[in-house]
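S.K.: Give me the fold of what follows.
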Amino acid sequence: MAGSEFSKETFCLMWHCYSPGISKQQVRVNFQSKFNRKSHAEHDVKIEELWRGKLSGDVTLYNGMKFRLAGMSEDAEKAPSIELDIGLTCYRDFQCTNYSSESERLRSDGLRDFNESQAYMSDPLGVSAILITSDDKVVVEKRSTKVGEYCNMLDLPGGHAEPSNVPGWKQEYEGNVQCQDAFLSLKSSDIVNEIFDSIVQEVVAELNIPRDQLSEPHLVGILRQMLSFGRPSTLFVVKAVDIRENDVRRMYGEGGEEQFESVDIEFVSLEDIQCGTWRSRSEQFTPSAHAAFYIIAQSTKATATED
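M.R.: Sure thing, here's the model as predicted:
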């Protein structure tokens, strides 16, 4: 479902299709440099200094190239197929635009100069998993104090699709978002594959669940996180096959490659999401978790209406 966005305090839902979601065969990517962040002459000269300031803090930050989501559209003739307008950005620019003290001004300037609030924002495309256990629980992680976003909050497993994982990417492209060779070298279908593959890899790395016990991901939503001034993120449903809450706790306790990003895990039942009882501590959840729970609840209402 595309069109008018659902405005919430913490997120803005651009598109959703919960049941059953869409596969990678229903997603296309339009990968061009025109979808990169616009250069802001006054702010961009400050980015290196801002980045150095962030690196001097207590959090662990790494720069690297990311895909930038500039927009999306739904194919009216092949609904619910969608097309994503993708450019390049980097994590440094994200921290220094979407997480800058001047974020509000950058959005205002974007509206003034391009009639687009996100024009000057980095907006790297995040990926998040609605990981559902076989006993109908959604897994959430309590983020550590060392991560660059949403410290100590409850979040879905996730991260980013990585341009460096796409066939054709070369080391020489790193740090140059305007490199035309990069836009000529990467195939759109391979970028789609990386977006879908990356979310499964994040679940494996963060929760230590074997890949062969996870279903293929289905895209169910795309949102903008309003607490980070419009940063976009995708939501995928991934099911843990024959794995219950206790199994996930055990696997997580054995340690995963990226377990350092969280300090604990919790579980929210689908029943609690559908009934809204999780809202009693809604301030503890990130925008992606809010959007995921909203989509699940709306899907339940739609199913009940159809019945």
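
S.K.: Where do the helices of the stretch 151-300 of the chain begin and end?
M.R.: 180-185, 188-207, 245-253, 270-275, 287-306 (DSSP state H, counting those that start in this stretch).

S.K.: Relative to Ser128, which of the ones you listed is closest?
M.R.: helix 287-306 (4.4 Å; CB to CB). Every residue, glycine included, has its C-beta placed from N, CA and C.

S.K.: hang on, the earlier thing: which one of the helices of the stretch 151-300 of the chain is the most hemmed in?
M.R.: Counting by mean count of other CB atoms under 10 Å, helix 188-207 has the highest mean neighbour count of these, with a mean of 21.

S.K.: Report the mean confidence score over it.
M.R.: Regarding helix 188-207, the rounded mean pLDDT is 97.

S.K.: ok and it relative to helix 245-253, angle-wise?
M.R.: Compare the direction of helix 188-207 with that of helix 245-253 by axes from the mean of the first three to the mean of the last three CA atoms, to 10 degrees and you get 90 degrees.

S.K.: Which strands or helices does helix 188-207 pack on?
M.R.: When contacts are defined as 3 or more CB pairs under 8 Å, 6 or more residues apart in numbering; DSSP states H and E, helix 188-207 packs onto strand 27-31, strand 126-132, strand 137-143, strand 158-160, strand 231-239, helix 245-253.

S.K.: thinking again about what came up before, would you format the helices of the stretch 151-300 of the chain as a markdown table with distance to Asp136 included?
M.R.: What follows is these, written out as a markdown table (distance: least, CB to CB, whole Å):
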| stretch | distance to Asp136 |
| --- | --- |
| helix 180-185 | 42 |
| helix 188-207 | 17 |
| helix 245-253 | 10 |
| helix 270-275 | 5 |
| helix 287-306 | 11 |
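
S.K.: I'd like to know which of those helices lies nearest to Glu162.
M.R.: Among the helices of the stretch 151-300 of the chain, the nearest to Glu162 by CB to CB is helix 188-207 (6.5 Å).

S.K.: Out of the helices and strands packed on helix 188-207, which gets nearest to Ser56?
M.R.: Across those, closest to Ser56 is strand 137-143 (CB to CB), at 20.8 Å.

S.K.: Can you tell me what sits against the closest one?
M.R.: Applying CB atoms under 8 Å, 6 or more residues apart in numbering, the contact partners of strand 137-143 are 130-133, 149-157, 206-207, 240, 244-245, 248, 261-270, 273, 285-286, 289, 292-293, 296.

S.K.: about what we covered before: could I get the helices and strands packed on helix 188-207 in a markdown table, plus columns for mean pLDDT and distance to Ile199?
M.R.: Shown next, in a markdown table, are the helices and strands packed on helix 188-207 (pLDDT from 0 to 100; distance: least, CB to CB, whole Å):
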| stretch | mean pLDDT | distance to Ile199 |
| --- | --- | --- |
| strand 27-31 | 97 | 13 |
| strand 126-132 | 98 | 4 |
| strand 137-143 | 97 | 13 |
| strand 158-160 | 96 | 7 |
| strand 231-239 | 98 | 5 |
| helix 245-253 | 97 | 16 |
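
S.K.: closest one to Asp113 among these?
M.R.: strand 231-239 (20.1 Å).

S.K.: May I have that closest one exported as PDB, CA atoms only?
M.R.: What follows is strand 231-239 as a C-alpha-only set of coordinates in PDB (Å, rounded to 0.1, in the frame of the first residue of the first chain):
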ATOM      1  CA  ARG A 231      16.300   8.200   8.000                       C
ATOM      2  CA  PRO A 232      14.700   5.400   5.900                       C
ATOM      3  CA  SER A 233      14.500   1.800   6.900                       C
ATOM      4  CA  THR A 234      13.000  -1.400   5.400                       C
ATOM      5  CA  LEU A 235      11.100  -3.900   7.500                       C
ATOM      6  CA  PHE A 236      11.300  -7.700   6.600                       C
ATOM      7  CA  VAL A 237       9.400 -10.600   8.100                       C
ATOM      8  CA  VAL A 238      11.800 -13.500   8.800                       C
ATOM      9  CA  LYS A 239      10.500 -16.600  10.500                       C
END
